[in-house]
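1. Here is my input; please provide its structure:
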Amino acid sequence: MATIEPTSTRRTVLPGAPPFTVDDLLKFPDDGNRYELFNGSLVVSPAPKPRHQRVISRLVVILETAAPAGIECLTTVNVSPSVEDLYIPDLVVVPEQVSEAVDLVYAPRDLLLAVEVVSPSSKAQDRSTKMTAYAEAGIPRYWRIEPDEGPSLYVYELDGRSYEGPTVHKAGAAVTLSAPFPVSFDPADLMRLRG
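-> Next up is the predicted model:
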């Protein structure tokens, strides 16, 4: 088995000690990694790959075009339901009034929709951990996009403290959704090259 030697001996030293709190996390270095907390446990993810970013960018354009006045789409915001939990969804839909009032961290009640694009490094979190955490936090809608499926869009709606569904929408057929506002698109559009 081949190994790769580290190119640097520099190490990141994180403030605090497990279990971490949101206050600890907000003191972490800005080193290009995405730091999230689940019950005080730290989850570290690298910056997303270009294909992941393409899916998010295409979805932002689609949603922003369809959104009514007073609603906006934002990427990689902090969402914290407790002092030991901080999530960073790939994309959220929120009222603009809320965004004007938020400095750094959104409450789950602020979100109309949270979206995650599944990456090789985030499969378990996006398919299970985040889905459960978002439902328990009361986020009314969760969309999971699976790029390796063409892509496919998995739509979850909150039913009490858990999500019902998902309803799965495959690439190649237009989907029309009514919430958080009316929007229609083919999931394949999320990965199409512009050229």
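2. ok, the residue lying closest to residue 102 once chain neighbours are set aside - contacts?
-> Nearest non-adjacent residue to residue 102, counting by C-beta to C-beta, 6 or more residues apart in numbering: residue 110, 6.9 Å away. Bear in mind the C-beta positions are built from the backbone N, C-alpha and C, glycine included. Shown here is residue 110, whose contacts under the criterion C-beta atoms under 8 Å, 6 or more residues apart in numbering are 79, 94-95, 98, 102.
3. And for residue 106, nearest residue in space, chain neighbours not counted?
-> residue 79 (4.8 Å).
4. phi, psi of that neighbour?
-> phi -130, psi 120 (degrees, to the nearest 10).
5. That one reaches residue 89, doesn't it?
-> Yes - counting by C-beta atoms under 8 Å, residue 79 does reach residue 89; the two are 6.4 Å apart.
6. Tell me which of the two has more neighbours.
-> Neighbours were counted for residue 79 and for residue 89 using other C-beta atoms under 10 Å; residue 89 has more, 26 against 23.
7. In space, what's closest to that one - neighbours in sequence excluded?
-> Per C-beta to C-beta, 6+ apart, closest to residue 89 is residue 114, 4.2 Å.
8. wait, is the one you found part of a strand?
-> Yes - counting by DSSP: H, G, I helix; E, B strand; the rest coil, residue 114 is part of a strand.
9. My guess is it contacts residue 142. True?
-> Yes - with contact defined as C-beta under 8 Å, residue 114 and residue 142 form a contacting pair (5.4 Å).
10. which neighbours do those two share?
-> In contact with both residue 114 and residue 142: residue 134, using C-beta under 8 Å, 6+ apart.
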